[in-house]
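In: Requesting a structural model of the entry that follows:
(2 chains)
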Amino acid sequence: MRITQGAFSFLPDLTDEQIAKQVQYCIDKGWAVNVEFTDDPHPRNTYWEMWAMPMFDVKDAAGVMFELNECRKTYGGRQYIRISAFDATHTWESLRLSFITDRPADEPGFALERQEVDGRAMRYTTRSYAANQPEGSRY
Amino acid sequence: MDAVIDDPAVTTAPPQVPEAIDLRAEFVSSGLAEVLDELDRDLVGLGPVKSRLREIGALLLVDRARARFGLQAVSPTLHMSFTGNPGTGKTTVALRMAQILHRLGYVRKGHLVTVTRDDLVGQYIGHTAPKTKEILKKAMGGVLFIDEAYYLYRPENERDYGQEAIEILLQVMENQRDDLVVILAGYADRMERFFTANPGFRSRVAHHIDFPDYSGGELEAIGGRILGQMNYRLSPAAQEAFHRYVELRMAQPHFANGRSVRNALDRARLRQANRLFAGDKPVTADDLSTLEAEDILASRVFSGGIDSYPPLPGR
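Out: Below is the predicted model:
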């Protein structure tokens, strides 16, 4: 099951050229661009691992693409990689854009778990099949 | 949204191949003419440098015209080395170079990142690579200017981390020619040794530009421009004193061309301020902007010393 988180996730995967244009857009807006990765794609897992430092003073998308490619060398095809853009201006101070650039070759998806509590009441939760495996060997 | 989605109409239309390209018009419309004229106007002397810059500009222009006829696909190697004595304008020209390349579309942003060994080489194992990469990322889309580049290579210490920085630099210079232009700068003899020890650099640097020393007349013209920018002028007597100052200073050791002139004028301004402050009478705008002969003649150069601060030891 293809996970849909962040921007553009209902579109086909972005090409490198398209990613570079998005990144350049973020840089031109003055946002700090980050590369992040994770092997736990649960929608509530908001804090992914950060690859290297946030790139506050990079002026051109090529610098970010360089780091993205470095990250791909290590995690490409095995973990999710996303680009996020942080706006440090006062009153924003939060992410303005985030989109997935790379996903594992095989995405097993999520299971819906039902729990009976307090008599006949039901509680629902989702659980990633991948997260059944220990960290590092999920994809 | 234009940053996000390409206009499909543009990509589907077949590219127009022009019949002929007017290089002269191209020269003006690219803004290159303007930059080169500014260069001629703003920088004193440096004849060989300017002609080399014109040549490089012409090459890029012709390359661009060729590309429009579909004649060429590879982008030219634009990495350069600037050699010359201190104060001959290497950094200033590098800044202009960034503008020229930006106007011609060879670098996307046209900013200049100036670094020395300290910014590239780390202090312990594993520190160098991230540091160098950080700088390279910052410079992408622009020009990376490595001042005193020969310090990167220290043959006397075989465990020096400079070699690691050199290897990363070489890799990026080769693989990401479209993203980054590297300019190495330093004194001629040491750069020569540096290139001999690192043949990889020599073959990747296409343009070697030598910056000549300034003549006395050119130095005086530079001094005049520096003062003009700061709204100062020399009185006729001070002009004469400055002429003698430059002649004397040029013959002395540790002479750093334009930089020495700028420092000398800074010190003259200091003395002028002191003189005006010591005098009792109220000052006019004219007094405030005029350097007198005594401001310059007080220099140590006239008494056989070197006009530098702090004074050189043993003098």
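In: right, is the longest helix anywhere in chain A up against chain B?
Out: Scanning chain A for the longest helix, with DSSP state H as the assignment, gives helix A:61-75. Yes - counting by C-beta under 8 Å from any C-beta of the partner chain, contacts between helix A:61-75 and chain B involve A:61-64, A:66-67. (Glycine included, C-beta is placed from N, CA and C.)
In: Convert the next helix or strand after that helix to CSV, retaining C-alpha atoms only.
Out: Tracing the chain C-terminally past helix A:61-75 and defining elements by DSSP states H and E, one meets strand A:80-87 next. Provided in CSV are the C-alpha atoms of strand A:80-87 (Å, rounded to 0.1, in the frame of the first residue of the first chain):
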residue,chain,number,x,y,z
TYR,A,80,11.4,6.5,3.4
ILE,A,81,13.2,9.7,2.7
ARG,A,82,11.5,13.1,2.7
ILE,A,83,12.4,16.7,2.2
SER,A,84,11.1,19.2,4.6
ALA,A,85,11.3,23.0,4.6
PHE,A,86,11.4,24.9,7.9
ASP,A,87,10.3,28.6,8.0
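In: So what pairs up with A:Ala32 in the strands?
Out: On the basis of DSSP bridges, A:Ala32 is bridged to A:Phe86.
In: coming back round to it: would you mind putting the residues of helix A:61-75 next to chain B into a markdown table with pLDDT alongside?
Out: Below are these laid out as a markdown table (pLDDT from 0 to 100):
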| residue | pLDDT |
| --- | --- |
| A:Ala61 | 92 |
| A:Ala62 | 91 |
| A:Gly63 | 91 |
| A:Val64 | 93 |
| A:Phe66 | 91 |
| A:Glu67 | 92 |
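In: of those, buried ones?
Out: A:61-64, A:66-67 (16 or more other C-beta atoms under 10 Å in any protein chain shown).
In: Number of residues surrounding the residue of the stretch 1-150 of chain B found nearest chain A?
Out: Closest to chain A within the stretch 1-150 of chain B is B:Gly141: 2.5 Å, counting by C-beta to the nearest C-beta. By other C-beta atoms under 10 Å in any protein chain shown, the residues close to B:Gly141 number 24.
In: can you map out the helices along chain A?
Out: A:16-28, A:61-75.
In: go on, the stretch 101-250 of chain B?
Out: Secondary structure of the stretch 101-250 of chain B (DSSP state H, counting those that start in this stretch): helices at B:117-120, B:128-139, B:162-175, B:188-197, B:199-204, B:216-229, B:236-251.
In: Please identify which helix or strand holds B:Ile21.
Out: Counting by DSSP H and E, B:Ile21 is part of no helix or strand.
In: check contacts around it.
Out: B:65, B:68-69 (C-beta atoms under 8 Å, 6 or more residues apart in numbering or on different chains).
In: Please apply the same query to A:Tyr139.
Out: Counting by C-beta under 8 Å, 6+ apart, A:Tyr139 has contacts A:39, A:77-79, A:104-106, A:130.
In: out of those, what pair is the most spread apart?
Out: A:Gly77 and A:Ala130 (13.8 Å; C-beta to C-beta).
In: Common neighbours of the two, please.
Out: Common neighbours of A:Gly77 and A:Ala130 (C-beta under 8 Å, 6+ apart) are A:104, A:139.
In: Looking only at neighbour counts, state which of the two leads.
Out: Counted by other C-beta under 10 Å, A:Gly77 and A:Ala130 do not tie: A:Ala130 has more neighbours, with 21 against 12.
In: how many neighbours does the residue nearest to that one when sequence neighbours are not counted have?
Out: Nearest residue to A:Ala130, sequence neighbours excluded (C-beta to C-beta, 6 or more residues apart in numbering or on different chains): A:Arg138, at 4.3 Å. For A:Arg138, the count of nearby residues is 19 (other C-beta under 10 Å).
In: Please tell me how far A:Arg138 sits from A:Thr38.
Out: 10 Å (C-beta to C-beta, to the nearest Å).
In: can you list the weak-confidence ranges in the chain?
Out: Answering for chain A, as no chain was given. For chain A, applying pLDDT under 70 flags no range at all.
In: Let me rephrase: I mean chain B.
Out: In chain B, residues with pLDDT under 70: B:1-18, B:72-75, B:304-315.
In: Quickly find the element holding the nearest residue to B:Val283 once chain neighbours are set aside.
Out: Distance criterion C-beta to C-beta, 6+ apart; nearest residue to B:Val283, sequence neighbours excluded, is B:Leu276 at 5.4 Å. Here B:Leu276, judged by DSSP H and E, is contained in helix B:257-278.
In: Also B:Leu59?
Out: For B:Leu59, the secondary-structure element it belongs to, assigned by DSSP H and E, is helix B:47-68.
In: What helices and strands are in contact with that helix?
Out: With contacts defined as 3 or more C-beta pairs under 8 Å, 6 or more residues apart in numbering or on different chains; DSSP states H and E, helix B:47-68 has these neighbours: helix B:23-29, helix B:32-42, helix B:90-103, strand B:207-211.
In: Quick check: what element follows that helix along the chain?
Out: strand B:80-84.
In: just checking, what packs against that following strand?
Out: Packed next to strand B:80-84, using 3+ C-beta pairs under 8 Å, 6+ apart, are helix B:90-103, strand B:181-186, helix B:188-197, strand B:207-211.
In: Contacts for the shortest one next, please.
Out: Contacts to strand B:207-211, defined as C-beta under 8 Å, 6+ apart, come from residues B:46, B:48-49, B:52-53, B:56, B:78-85, B:88-90, B:93, B:188.
In: still on that earlier bit, which of the buried ones among the residues of helix A:61-75 next to chain B lies at the shortest distance from B:Ala237?
Out: A:Gly63 (54.8 Å).
In: Could you check how far that closest one is from A:Ala20?
Out: For A:Gly63, the distance to A:Ala20 - C-beta to C-beta - is 10 Å.
In: How about A:Phe37?
Out: 19 Å.
In: between these two, who's got more neighbours?
Out: A:Phe37 (20 against 17).
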